[in-house]
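S.K.: Everything below, folded, please.
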Amino acid sequence: MFPQPSEVTPELAEAALNCVPLARARKLAEWIGPSRQLTGSGVLKPALAIEACQVLGIELPPGRLRTALDLDELMRDWEVACYAGYIIPRGSRVRAAARLADMSPLTVLRSWLGAASADLGLPDEPCGGCLTILHELSEADGPLDLAQLAEAIQSPEPPDPEDGPCPGCGEIHDPSDLAAVFGYEDEDEYLDDSLEHAEDTVVSLMSYGAVAVLAAEPVGPGGSGESRVRLTPLGRLLAESIFTGCAPPAEADVATLMEVLSVLPQKIAEQMAVPWLAARSPAAAAGELLAWAEPADPAQRLIAMAFAMGIGPEAAPAWREWADRPGFGAYARMWLSEQGEEVPEHPGDQAWLTVEALSAADAKISPEAMPLVLGAALRNADAGEASQVLTLMSSSGHPDAEWFVESITIATGVEPPTVRWTLPAGLPGGDVYQLKITLRGVSKPPVWRRVAVPSGLTLDLLHDVLQQIMGWEGGHLHVFSTPRRNYGTPDPELGFADERKVTLAEVLTKPGAAMRYTYDFGDDWEHDVVLEKILPPDPVPRLTCLAGKGACPPDDCGGAWGYDNLKEVLADPDHEEHVEMLDWMGLESAEEFDPAQFRLDEVNARLSQLI
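M.R.: Below you'll find the model as predicted:
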């Protein structure tokens with residue numbers, strides 16, 4: 001969301017110029033002028049940082065200045081100048097922007113709005129609490145005190161633990177309950193945090209001239225004795241520019257709608273969705289949301305479903321279209337049942353929704369903490385009950401079930417039920433494909449694997465195989481690129497064909513045929529997948545790694561270039577980033593990571609877990 005001024009007047013521009021953050025940012029930009037030198041970290045060199053502090057009247061800390069990053073006040077002015085568009089850091093230099101000399105009301109207000117909205121987390125990471133405070137002030141009939149604002153940003157009361165997953169059956173009786181179980185603190189601590197958040201937000205808005213503080217109310221009937229705040233004309237400009245100006249247009253597609261709504265508190269999202277909803281019938285709106293949500297990730301899907309469920313009973317025709325589908329259709333069956341309609345019962349729905357809610361909550365909890373959370377949820381369950389939960393999850397058909405079964409096993413020590421992975425029925429022949437997978441751009445040593453797999457393997461299962469034989473950790477997007485088309489997780493934005501519906505034999509038809517497998521669209525790990533041989537049918541479908549070379553690069557190390565840099569840094573104990581790199585990789589010494597290491601037995605042990 002990039003807000004633009006909803007109103008432009010000379011009076012608003014003058015008020016914006018007089019606010020402290022913008023005035024200091026202009027002063028910094030004027031001092032920077034045509035060019036100043038930056039460090040490799042993209043900040044002013046220490047000597048220049050000291051000079052900038054003298055210009056801005058910032059008191060320097062005692063001792064030798066190591067980096068400008070240690071000067072919080074200067075960095076605050078620097079960030080405001082960047083968000084206001086007054087300075088342009090690029091490479092090893094920074095310069096003042098042409099916008100600095102443009103004193104027209106529109107340009108001034110754009111700069112002010114860029115800086116003020118950045119303090120609310122816009123455009124990339126909107127802060128729900130800060131936006132809620134601005135929204136409450138914009139909707140209020142009169143001034144509000146901090147206690148009222150703190151109350152507005154508190155989440156609903158956490159549900160009773162009994163409303164979470166039932167240890168005996170693994171069910172949740174309302175998917176939203178389980179999602180709400182996570183992330184709550186002690187009530188008093190949470191209230192203190194809300195008050196602190198409200199105070200910090202008000203102070204920030206005050207600094208930009210968006211909020212005015214009124215005299216405290218007298219203590220007594222109807223008076224809290226606390227100071228109250230209200231929006232100024234600049235504050236109303238900020239609120240209107242965000243809540244009205246950034247609302248998705250009526251003609252927007254669902255992806256655009258959800259891009260905005262998914263990062264906002266529900267009350268604000270509902271208001272900003274009004275133009276979009278008004279342009280559609282309830283059934284059409286719900287239908288678009290359901291179609292978008294089905295291939296989305298669980299956290300996004302949960303938001304879309306909550307929004308769709310709030311449209312009302314007039315949307316029932318759209319929900320009925322999904323009521324007979326497995327998996328995701330559980331949402332439709334649940335909604336229709338709550339409306340009093342008779343719908344066909346699917347025994348696995350509650351288990352599917354359990355895994356779905358856990359998957360949505362997983363986005364807010366680190367992977368390391370999830371087993372602990374699950375262990376706490378099942379602390380009163382005996383081994384038999386935990387095993388039932390595992391059985392239900394394993395049979396749910398949810399794509400994330402396997403990970404949570406493993407997490408519960410870690411948390412409880414209860415082994416999951418034996419579930420053998422078998423090839424889907426109706427696939428062509430039992431031929432065995434010998435594939436060679438080579439990681440592009442990596443050398444000294446190269447990284448490759450040779451593997452034998454059933455030709456009837458669907459590409460989503462081949463993805464699992466490639467993850468195991470290479471040694472990737474998973475968690476990133478991927479795509480199979482063939483001369484015909486790209487296959488991956490179906491997503492309207494990505495435009496991939498459904499990898500679950502095509503087999504290896506359909507895309508690689510003869511020896512020498514090849515395709516590309518790309519993992520992690522940020523690091524872009526590209527693998528050449530070449531069919532070397534077609535072997536006779538195997539009466540017992542199996543997965544076998546035949547040979548290989550080279551260790552798998554660490555996930556998130558920056559692609560082939562980043563991996564080269566990683567190896568160089570680890571090989572040089574005197575490198576300035578050597579210790580930092582060891583910490584990032586969780587190593588005691590560089591000897592613990594050998595780029596040439598490849599253990600065939602370990603790879604086949606991982607593959608055996610898929611069967």
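S.K.: can we go C-alpha only for contacts and neighbour counts from here?
M.R.: Noted.
S.K.: So in terms of bridging, what pairs with R36?
M.R.: Following DSSP bridges, R36 is listed with bridge partners V94.
S.K.: quick one: it and R93 touch, right?
M.R.: Yes - in this structure, R36 is within contact of R93 by Cα atoms under 8 Å, at 5.6 Å.
S.K.: Let me see the contact set for the nearest residue to Y563 once chain neighbours are set aside.
M.R.: Leaving aside its chain neighbours, Y563 sits nearest to C557 (6.0 Å; criterion: Cα to Cα, 6 or more residues apart in numbering). Counting by Cα atoms under 8 Å, 6 or more residues apart in numbering, C557 touches D523, Y563, L566.
S.K.: tell me the SS of C557?
M.R.: Of the three states, C557 takes coil according to DSSP: H, G, I helix; E, B strand; the rest coil.
S.K.: From R449, how far out is it?
M.R.: C557 is 21 Å from R449, where distance means Cα to Cα, to the nearest Å.
S.K.: repeat for P21
M.R.: Distance from P21 to R449, by Cα to Cα: 56 Å.
S.K.: contacting residues around A285?
M.R.: A285 touches L277, A308, A315, counting by Cα under 8 Å, 6+ apart.
S.K.: One more: K533?
M.R.: Y433, Q434, L435, P511.
S.K.: helices and strands around the strand or helix carrying Y487, which ones?
M.R.: Using DSSP states H and E, Y487 maps to strand 486-488. Packing partners of strand 486-488 (3 or more Cα pairs under 8 Å, 6 or more residues apart in numbering; DSSP states H and E): helix 459-470, strand 478-481, strand 497-498.
S.K.: What average pLDDT does that strand get?
M.R.: The average pLDDT within strand 486-488 is 92.
S.K.: cool, stretch 46-65 as well?
M.R.: pLDDT averaged over stretch 46-65 gives 95.
S.K.: With stretch 125-145 instead?
M.R.: 93.
S.K.: One more: stretch 587-604?
M.R.: 88.
S.K.: And stretch 332-342, by the same measure?
M.R.: 91.
S.K.: for stretch 463-473, same thing?
M.R.: 92.
S.K.: What are the buried residues along it?
M.R.: H463, V465, L466, Q467, Q468, I469, M470, G471, W472 (16 or more other Cα atoms under 10 Å).
S.K.: next one: stretch 79-99
M.R.: Neighbour-count burial for stretch 79-99 [16+ other Cα under 10 Å]: 79-89, 93-97, 99.
S.K.: Out of the helices and strands in the protein, which is least certain?
M.R.: Lowest on mean pLDDT, DSSP states H and E among the helices and strands of the chain sits helix 175-181, with a mean of 35.
S.K.: how about the next helix or strand after that one as PDB, C-alpha atoms only?
M.R.: Remark: after helix 175-181, the chain's next helix or strand is helix 187-207, criterion DSSP H and E. What follows is helix 187-207, C-alpha atoms only, in PDB (Å, rounded to 0.1, in the frame of the first residue of the first chain):
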ATOM      1  CA  GLU A 187      -3.500 -10.900  30.400                       C
ATOM      2  CA  ASP A 188      -1.800  -8.200  32.600                       C
ATOM      3  CA  GLU A 189       1.400  -8.300  30.500                       C
ATOM      4  CA  TYR A 190      -0.600  -8.000  27.300                       C
ATOM      5  CA  LEU A 191      -2.500  -5.000  28.700                       C
ATOM      6  CA  ASP A 192       0.800  -3.300  29.600                       C
ATOM      7  CA  ASP A 193       2.100  -4.100  26.100                       C
ATOM      8  CA  SER A 194      -1.000  -2.600  24.500                       C
ATOM      9  CA  LEU A 195      -0.700   0.600  26.600                       C
ATOM     10  CA  GLU A 196       2.900   0.900  25.600                       C
ATOM     11  CA  HIS A 197       2.100   0.300  21.900                       C
ATOM     12  CA  ALA A 198      -0.700   2.900  22.100                       C
ATOM     13  CA  GLU A 199       1.600   5.500  23.700                       C
ATOM     14  CA  ASP A 200       4.400   4.900  21.200                       C
ATOM     15  CA  THR A 201       2.000   5.300  18.300                       C
ATOM     16  CA  VAL A 202       0.500   8.500  19.700                       C
ATOM     17  CA  VAL A 203       3.900   9.900  20.300                       C
ATOM     18  CA  SER A 204       4.900   9.100  16.700                       C
ATOM     19  CA  LEU A 205       1.700  10.600  15.300                       C
ATOM     20  CA  MET A 206       2.300  13.700  17.500                       C
ATOM     21  CA  SER A 207       5.800  14.200  16.100                       C
END
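S.K.: Now do helix 187-207: which elements does it pack against?
M.R.: Looks like helix 187-207 contacts helix 128-139, helix 146-153, strand 211-214 (3+ Cα pairs under 8 Å, 6+ apart).
S.K.: Who are the packing partners of the longest one?
M.R.: Yep, that's helix 128-139 we're talking about. Short answer (3+ Cα pairs under 8 Å, 6+ apart): helix 128-139 packs on helix 146-153, helix 187-207, strand 228-231, helix 233-243.
S.K.: For the ones you listed, which has the smallest mean pLDDT value?
M.R.: Lowest mean pLDDT within these: helix 187-207, at a mean of 81.
S.K.: buried stuff in it?
M.R.: For helix 187-207, by 16+ other Cα under 10 Å, it's 191, 194-195, 197-199, 201-207.
S.K.: Could you identify the helix or strand that succeeds the strand ranked longest in the chain?
M.R.: Secondary structure of the chain per DSSP state E: the longest strand is strand 525-535. Sequence-wise, the next helix or strand downstream of strand 525-535 (DSSP H and E) is strand 544-549.
S.K.: so what strands line up beside that next one?
M.R.: By DSSP bridges, strand 544-549 pairs with strand 448-454 (antiparallel).
S.K.: what's the angle from the strand it pairs with to helix 459-470?
M.R.: Calculated by axes from the mean of the first three to the mean of the last three Cα atoms, to 10 degrees, strand 448-454 forms an angle of 140 degrees with helix 459-470.
S.K.: coming back round to it: got a winner among the contacts of A285 for most neighbours?
M.R.: Within those, most neighbours by other Cα atoms under 10 Å means A308, with 22 neighbours.
S.K.: Name the nearest residue to that one, ignoring sequence neighbours.
M.R.: Nearest to A308 is A286, by Cα to Cα, 6+ apart, at 5.3 Å.
S.K.: Please report phi then psi for the one you found.
M.R.: phi -60, psi -40 (degrees, to the nearest 10).
S.K.: who's in contact with it?
M.R.: Contact analysis of A286 by Cα under 8 Å, 6+ apart lists A308, M309, I311, A315, A318, W319.
S.K.: Make CSV from the residues you listed and add pLDDT, secondary structure and distance to A505 to it.
M.R.: Below are the contacts of A286 laid out as CSV (pLDDT from 0 to 100; DSSP: H, G, I helix; E, B strand; the rest coil; distance: Cα to Cα, whole Å):
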residue, pLDDT, secondary structure, distance to A505
A308, 93, helix, 40
M309, 92, helix, 42
I311, 92, coil, 45
A315, 95, helix, 42
A318, 95, helix, 37
W319, 95, helix, 37
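S.K.: if we can go back for a sec, show me the contact partners of the strand holding Y487.
M.R.: Outside strand 486-488, the residues that reach it (Cα under 8 Å, 6+ apart) are L459, D460, H478, V479, F480, S481, F496, A497, D498, E499.
S.K.: Kindly reformat those residues as TSV containing neighbour count and distance to L106.
M.R.: TSV is the format used below for the contacts of strand 486-488 (neighbours: other Cα atoms under 10 Å; distance: Cα to Cα, whole Å):
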residue	neighbour count	distance to L106
L459	24	53
D460	21	52
H478	20	44
V479	23	44
F480	26	48
S481	19	47
F496	17	42
A497	18	46
D498	16	47
E499	21	50
